[in-house]
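>>> Next one to model:
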Amino acid sequence: MTTGCPPYEPGRAVAEVVTLASELIAIDTSNTGDPSVRSNERAAAEYVAEKLAEVGYEPVYVESGAPGRGNVVVRLPGADPSRGALLVHGHLDVVPADAREWSVHPFSGEVRDGYVWGRGAVDMKGMVAMTLAVARSFKRDGVVPPRDIVFAFVADEEAGGFYGARWLVEHHPELFEGVTEAISEVGGFSVTLRDGVRAYLVETAEKGVVWLRLRVQGAAGHGSMLHTDNAVAKLAAAVTRLDRHRFPLILTDPVRELLTGVAEITGVPFDEDDPETAVARLGNLARMIGATLRDTANVTMFDAGYKANVVPSEARATVDGRVLPGRERAFEAEIARILGPEVEREWDSLPPVQTTFDGTLVDAMVSAIGVEDPGARVLPYMLSAGTDAKSFQLLGIRHFGFAPLRLPPDLDFSALFHGVDERVPVDALEFGTRVLDRFLRDC
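Sure thing, here's the model as predicted:
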């Protein structure tokens, strides 16, 4: 604990975190990814700014390149300004949700059966609420952290951050002056492995993103006639080849460290020549961790035609590619070979992220978790998806995923991301707030 700080007392932060999460979820900040559809992060950003101003911060509000794409940044001075600052960031947007599929309205923020329900509960308004609660508590109580902390609440992460973190990095880097390290989603959550022993997984790496837009042209004509140049058929065949393809298995350092740690906890040896068997033993997490053993490319959209009796001249598809660190060029070459020369390709890409699992910041994470959950292990892992770390690393910022949550053993946590009935346990939010408070006092 930092010399001169008030005693550790996260009571008020813990008391308000559930209300903050519920109220944030109730603000519909759906991000379709279509620039022509106005998003509404502004309402959530104004809510956050008001809560910060209420306790004495002077929030900086910035709209990032388009109306409504609101971002809020504040800085809490630390005891040692010569140290690099720590960035704690979270995104305010969420993916859309169809209320007809849900048990509760996705933008209700309902608190029921020990959970806070709604779109964004885990991705990531729960962490935003924990961050906001601790930031408010520190300001109210006069806590001076060991170094400057920059709190950033940003737009557009769900569409790559081009109207959020990436825009801020390119147009307002001064807001992050002196920042050397950062934390955000997706990490710090618990996995119960054996006899109640929990491991908390900290993200030290994440795959790169390649969003491919594919197009094939052919000859248009009447649907009743013979056709040898059908754009729909050609593109369907190409994406079927891609769907059936398996990229090479590569065991990266963070995955090796995770599986080695799991083997130590469970007592079941990990064979480096067969990592897929070790991953299969991770239960609900196997899909996410399994996706970090190789590159992936999933067809997510297909569009062609306008009438049942017309063969169209063009067909289009979208592919979500996720690439291991160091595999970018090899991935693009493999994609080109599989799809063939007839398929035109355009893409947007975001780089992989990777750091090592060491240093004083990691020590502070391990310590904070250990106090709140004695006997737990903290292990590194690679995220199969992406976060705003991809943008902030352009400023030379070292990044970790650390949004601490102690979860029930039977909760399929990874399925809640972008899933129906997304929810987060109330006691997990309260646990995470206590851990985050301890961590930021010792960061």
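
>>> can we go C-alpha only for contacts and neighbour counts from here?
OK.

>>> Surely Pro352 touches Leu324?
Yes - contact status for Pro352 versus Leu324: in contact at 6.8 Å, counting by CA atoms under 8 Å.

>>> Mutual contacts of these two, please.
Counting by CA atoms under 8 Å, 6 or more residues apart in numbering, the residues touching both Pro352 and Leu324 are 206-208.

>>> Format the residues you listed as TSV; extra columns: neighbour count.
Putting these into TSV (neighbours: other CA atoms under 10 Å) gives the following:
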residue	neighbour count
Glu206	29
Lys207	30
Gly208	25
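
>>> Among these, which one lies nearest to Ile250?
For Ile250, the nearest member of the shared contacts of Pro352 and Leu324 is Lys207. The distance, counting by CA to CA, is 12.5 Å.

>>> before we move on, the earlier item: name the residue in Pro352 and Leu324 with the higher neighbour count.
Looking at Pro352 and Leu324 with other CA atoms under 10 Å, you find the greater number of neighbours at Leu324, namely 27 against 24.

>>> Can you list phi and psi of the more buried one for me?
Leu324 has phi and psi values of phi -70, psi 150 when expressed as degrees, to the nearest 10.

>>> Let's see stretch 412-422 as PDB, backbone CA atoms only.
Provided in PDB are the C-alpha atoms of stretch 412-422 (Å, rounded to 0.1, in the frame of the first residue of the first chain):
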ATOM      1  CA  ASP A 412     -19.900 -20.900 -19.100                       C
ATOM      2  CA  PHE A 413     -18.200 -17.500 -19.000                       C
ATOM      3  CA  SER A 414     -16.800 -17.400 -22.500                       C
ATOM      4  CA  ALA A 415     -20.300 -18.100 -24.000                       C
ATOM      5  CA  LEU A 416     -21.700 -14.900 -22.500                       C
ATOM      6  CA  PHE A 417     -19.500 -12.700 -24.700                       C
ATOM      7  CA  HIS A 418     -21.900 -11.500 -27.400                       C
ATOM      8  CA  GLY A 419     -24.300 -14.200 -26.300                       C
ATOM      9  CA  VAL A 420     -28.000 -14.400 -25.300                       C
ATOM     10  CA  ASP A 421     -28.800 -13.700 -21.600                       C
ATOM     11  CA  GLU A 422     -25.400 -12.100 -21.000                       C
END
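
>>> what distance separates it from the middle of the whole chain?
For stretch 412-422, the distance between its averaged C-alpha position and the chain's averaged C-alpha position is 13 Å (CA atoms, centre = their mean, to the nearest Å).

>>> Mind listing what's buried along it?
For stretch 412-422, the buried set under the neighbour-count rule, 16 or more other CA atoms under 10 Å, comprises 413, 416-422.

>>> among these, which are in helices?
Of the positions in the buried residues of stretch 412-422, 413, 416 sit in helices, assigned by DSSP state H.

>>> and the buried residues of stretch 412-422 as a markdown table, adding distance to Glu264 and pLDDT?
What follows is the buried residues of stretch 412-422, written out as a markdown table (distance: CA to CA, whole Å; pLDDT from 0 to 100):
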| residue | distance to Glu264 | pLDDT |
| --- | --- | --- |
| Phe413 | 23 | 92 |
| Leu416 | 28 | 93 |
| Phe417 | 28 | 93 |
| His418 | 32 | 93 |
| Gly419 | 32 | 94 |
| Val420 | 35 | 96 |
| Asp421 | 34 | 96 |
| Glu422 | 32 | 97 |
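
>>> Of the buried residues of stretch 412-422, just say which sits nearest to Arg198.
Ranking these by separation from Arg198, with CA to CA as the measure, puts Phe413 on top at 14.2 Å.

>>> quick one: the strands in the stretch 51-200 of the chain?
Assigned by DSSP state E, counting those that start in this stretch, the stretch 51-200 of the chain shows strands spanning 60-63, 70-76, 85-91, 111-112, 115-117, 149-154, 179-184, 189-194, 197-206.

>>> Show me what the third one is packed against.
What that stands for is strand 85-91. helix 125-141, strand 149-154, strand 179-184 (3 or more CA pairs under 8 Å, 6 or more residues apart in numbering; DSSP states H and E).

>>> ok, and what's touching it?
Contacts to strand 85-91, defined as CA under 8 Å, 6+ apart, come from residues 124-125, 127-128, 131, 147-157, 176, 178-185, 443.
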